[in-house]
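>>> Any chance you could fold what I've pasted below:
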Amino acid sequence: MNFDIEKFKVHGEPLIYGAMISIALASIGIVVGLTVFKKWGWLWREWLTTVDHKRIGVMYILAALLMLFRGGIDALMMRLQTAAPEMKFLDAQHYNEVFTTHGLIMILFMAMPFIIGLMNVVVPLQIGARDVAFPRLNAVSFWLFFFGAMLLNISFVIGGSPDAGWSAYFPLASLEFSPTVGNNYYSLALQISGIGTLMTGVNFIVTILKMRAPGMKLMRMPMFTWSVLITNVIIVFAFPVLTVALALMMFDRLFGSQFFTMANGGMDMLWANLFWVWGHPEVYIVILPAFGIYSEIIATFSRKNLYGYTSMVASMLIISLLSFVVWAHHFYTMGQGVMVNSFFSISTMAIAVPTGVKIFNWLFTLRKGRISFTTPMLYSLAFIPIFTIGGVTGVMLAMASADYQYHNTMFLVAHFHYVLIPGAVFAVIAGFHYWFPKVFGFRLNERLGKHAFWWIIISFNVAFFPLFILGLMGMTRRMYTYSAETGFGPLNMISFAGALGLAIGFVILVYNIYWSTRYMPRDESGDPWDARTLEWATKSPIPEYNFAVVPNVKSRDPLWAMKYDKQPLFEDKITKIHMPSNTGKPFILGVVFFFLGFFLVFSMWIPAIVAGVGVLIVLAAMSFDRDHGFYIPADKVIKTEKKLGGGTV
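Here you go, the predicted structure:
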């Protein structure tokens, strides 16, 4: 494909021009604000060059919240179009782009970074480490994710977004049927961010296996850390498959190869298989950490030990294995034959068994507990029945013969929203509320948190339950218009009302952050929700070094053992602490990767070669780094500990 200035054209729609103007105004406002308040140096020193796992985690979460609203606007536009198709709010092409980017952003650029953000903040604290195993690699992971996300998002205003669905099936995603640059953005943005995620997987496996505090055996780890370990093993096995598939897609679209074509030896079903070999484990990459979050919260606010610790670990291990042998249930209707469909039908229904075990573990933890109905607990309790509905409908879809009726209908859309929203979104919101005081030193306002909860829970069901009925009535996925005779209109209008309610709930959630930052008292910052895991033994907010003294763990509930059994957790004296130093190279690497991806999208070969050389130069410079870090003197550590309220001193 030769460079063509026509590829830079955008939709001639007011929505697109409005988005361009809003992006420009926001960018100008940020630059002016940083300049007026002289914060450029602070931004560079404290955030853009940081290797502190906590700050990297906060940046992941901020990016995820931004993407939540970006993907949420897509959802509102889709619901409005299907609620009143006669308005012609979106044309067919724009609708295709909107539902494609909605799926990509919500799964890959909202749910995953939110999970990874909580993972970054919490896991080193739970295992008694001062940082992750490879702090600089952690920064590289974040900036590759972030600039991959930015590359995908600018497609909306420059050149056009991907338009072949979030799964980008061939031949629809080929040059023949998608001649715009939208799917070039798809292959390159996901490739860049996926490399960062793969690095995260390696980093956290090493961190958990090699950096646990003395005495913290595997079967003493908190359940969230267990879920993170298993999740990152899945990442390491699944993401290379996506990397290969995207590379082949890029060669097909940019260089005219024939991997996924219908002619010249290509095979479109090769893409479908590669995508879902990654895609179905990806569902569990976002779900399993959520199970860990719910396990921590339910145990804390029931004031009980988690019921069935060993069976919870075993069930997550079984789920991780089965997640790799169910991918073909995504194309029962594509002519695979009875034997293949039967195998994947049985394996898909089998994965419901270990998931059901976890549901009963949580219910038995709640039984006879002294339950506190805090905001994190409310999300956890709402998750159980809603996720069960999603699971039951998943078993319905697992039956190959029945799937011929359900496949590609709104029933399927309802199913995966009933799984992914309570199974991931509710979890990250619950975890965000739960660990917020640990990171920032004050709680989010409970009253506002519960207002947001009820708006979100009720509106979620109003938005998505009608889709089950619409699917059974015959409304297919990706349908942007229909005639009044179908009878789809009223239920779609109800669904749109629910989507508006969800938007209100998320606005209240963000307002809560603003209000709490300004008005919530800081004198309750040390209150650990009466939790029992190791992260609550640190100060709030957490000092740069996490622990003044590395703890010595002797049970699964070290904080309770220290409080109630009088078991000492910190036995050594405070000494000087070695910490890694900041570096700007990961940020620069992300910027250069962004330009490399952008130039490749538009087949601008000479600038792409220059950017590629730039990537190699930055990588070479990083390879010569010898970070000897810096030491925090013991007297400064003692002074900081006393200022934060004692604890480990």
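>>> In the stretch 151-300 of the chain, mark out all the strands, start to finish.
Read by DSSP state E, counting those that start in this stretch, the stretch 151-300 of the chain holds no strands at all.
>>> ugh, typo on my part, it should be the chain
Listed in chain order, the strands found in the chain under DSSP state E are 577-579, 630-632.
>>> counting residues per helix, which one in the protein is longest?
Longest helix in the chain, counting residues (DSSP state H): helix 268-302.
>>> Okay, buried residues for that helix please.
For helix 268-302, the neighbour count (16 or more other Cβ atoms under 10 Å) marks 268, 271-272, 274-302 as buried. Bear in mind the C-beta positions are built from the backbone N, C-alpha and C, glycine included.
>>> and Val313, how far is that from Val425?
Separation of Val313 from Val425 (Cβ to Cβ, to the nearest Å): 25 Å.
>>> quick one, which of those two is more surrounded?
A direct count of neighbours by other Cβ atoms under 10 Å for Val313 and Val425 places Val425 higher, at 24 against 18.
>>> Please list all residues in contact with that one.
Ala111 (Cβ atoms under 8 Å, 6 or more residues apart in numbering).
>>> per-residue confidence for it?
Here the pLDDT value assigned to Val425 is 95.
>>> Check His11 too.
pLDDT, His11: 56.
>>> Name the surrounding residues that touch stretch 70-90.
Contacts to stretch 70-90, defined as Cβ under 8 Å, 6+ apart, come from residues 15, 95, 98-99, 101-102, 105-106, 109-110, 153, 463, 479-482, 488-489, 492-493, 495-496, 499-500, 502-503, 506.
>>> ok, now stretch 150-158?
8, 10, 16, 19-20, 23, 70, 97, 101, 104-105, 109, 161-162, 181-182, 185-186, 188-190, 192, 594, 597-598, 601.
>>> residue boundaries of the helices in the stretch 301-450 of the chain?
Ranges of helices in the stretch 301-450 of the chain, per DSSP state H, counting those that start in this stretch, are 309-322, 338-350, 352-366, 375-398, 400-406, 410-420, 426-440, 446-473.
>>> Flag the helix or strand of this structure with the lowest per-element mean pLDDT.
Least confident helix or strand, the chain: helix 14-36 with a mean of 76, by mean pLDDT, DSSP states H and E.
>>> Skipping its backbone neighbours, what lies nearest the residue nearest the centre of the chain in space?
Nearest residue to the geometric centre of the chain (Cα atoms, centre = their mean): Met112, 1.6 Å. Leaving out its chain neighbours, the residue that sits closest to Met112 by Cβ to Cβ, 6 or more residues apart in numbering is Val286, at 6.1 Å.
>>> How about Ile192?
Excluding the flanking residues, the one nearest Ile192 by Cβ to Cβ, 6+ apart is Gly148, at 3.8 Å.
>>> For Gly590, see how far away that neighbour is.
With distances defined as Cβ to Cβ, the gap from Gly148 to Gly590 amounts to 8 Å.
>>> Would you mind confirming that Phe599 is in contact with Ala611?
Yes - the criterion here is Cβ atoms under 8 Å, and Phe599 meets it with Ala611 at 5.7 Å.
>>> could you measure Ile293 against Phe426, distance?
Relative to Phe426, and taking Cβ to Cβ, Ile293 is found at 9 Å.
>>> go on, Phe440?
Applying Cβ to Cβ, the value for Phe440 to Phe426 is 21 Å.
>>> Between the two, which is the more surrounded one?
Neighbours per residue (other Cβ under 10 Å) separate Phe440 from Phe426, with Phe426 holding more: 27 against 19.
>>> What does the pLDDT read for the residue lying closest to that one once chain neighbours are set aside?
Closest residue to Phe426 apart from its sequence neighbours, by Cβ to Cβ, 6+ apart: Tyr379 at 4.6 Å. pLDDT for Tyr379: 97.
>>> Distance-wise, check Tyr379 relative to Leu321.
Distance from Tyr379 to Leu321, by Cβ to Cβ: 28 Å.
>>> so Asn546 makes contact with Gln126?
No - counting by Cβ under 8 Å, Asn546 does not reach Gln126; the two are 10.6 Å apart.
>>> The two: which is more packed in?
Using other Cβ under 10 Å as the criterion, Asn546 and Gln126 rank with Gln126 on top: 26 against 23.
>>> what sits against that one?
Gln126 is in contact with 221-222, 224-225, 533-535, counting by Cβ under 8 Å, 6+ apart.
>>> picking that back up, now the contacts of stretch 70-90: which count as buried?
By neighbour count, with 16+ other Cβ under 10 Å, the contacts of stretch 70-90 hold 95, 98-99, 101-102, 105-106, 109-110, 153, 463, 479-480, 488-489, 492, 495-496, 499, 502-503, 506 as buried.
>>> Contacts only, for the residue nearest to Phe426.
With contact set as Cβ under 8 Å, 6+ apart, Tyr379 has these partners: 297, 426-427, 429-430, 433, 453.
>>> How about Asp572: what's its closest non-neighbour residue?
Nearest non-adjacent residue to Asp572, counting by Cβ to Cβ, 6+ apart: Val549, 5.0 Å away.
>>> And that neighbour, what's its pLDDT?
Per-residue confidence at Val549 stands at 90 (pLDDT).
>>> Can I get the helices of the stretch 301-450 of the chain in TSV including distance to Leu242?
Shown next, in TSV, are these (distance: least, Cβ to Cβ, whole Å):
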stretch	distance to Leu242
helix 309-322	17
helix 338-350	20
helix 352-366	24
helix 375-398	22
helix 400-406	24
helix 410-420	18
helix 426-440	22
helix 446-473	27
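>>> Out of the ones you listed, the one nearest Val58 is which?
helix 426-440 (6.8 Å; Cβ to Cβ).
>>> Just put the strands of the chain in CSV and tack on mean pLDDT.
Output for the strands of the chain, formatted as CSV (pLDDT from 0 to 100):
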stretch, mean pLDDT
strand 577-579, 91
strand 630-632, 88
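>>> hmm, back to that, would you mind getting the angle between the longest helix of the chain and helix 410-420?
40 degrees (axes from the mean of the first three to the mean of the last three Cα atoms, to 10 degrees).
>>> From the chain's centroid, how far away is helix 268-302?
On the basis of Cα atoms, centre = their mean, to the nearest Å, helix 268-302 sits 10 Å off its chain's mean C-alpha point.
>>> now do stretch 401-419
The chain centroid and the centroid of stretch 401-419 are separated by 23 Å under Cα atoms, centre = their mean.
>>> What number of residues are in the vicinity of the closest residue to Met396 other than its chain neighbours?
Take Met396 and drop its neighbours on the chain: the residue closest to it by Cβ to Cβ, 6+ apart is Ala402, 6.1 Å away. Using other Cβ under 10 Å, Ala402 has 14 neighbouring residues.
>>> How much space separates the closest residue to Tyr185 other than its chain neighbours from Pro607?
Distance criterion Cβ to Cβ, 6+ apart; nearest residue to Tyr185, sequence neighbours excluded, is Ser155 at 4.1 Å. Using Cβ to Cβ, Ser155 is found at 18 Å from Pro607.
>>> Looking at these two, which is more packed in?
For Ser155 versus Pro607, neighbours defined as other Cβ under 10 Å are more numerous around Ser155 (26 against 15).
>>> Can you pull the phi/psi pair for the more buried one?
Per-residue torsions, Ser155: phi -60, psi -30 (degrees, to the nearest 10).
>>> got it, and the one 10 residues further on?
For Gly165, the backbone dihedrals are phi 90, psi 160 (criterion: degrees, to the nearest 10).
>>> thought the residue nearest to Ile192 was touching Gly196?
Yes - contact criterion Cβ under 8 Å: Gly148 and Gly196 qualify, at 6.9 Å.
>>> Could you list the low-pLDDT ranges of this structure?
The chain contains residues with pLDDT under 70 at 1-20, 523-528, 645-649.
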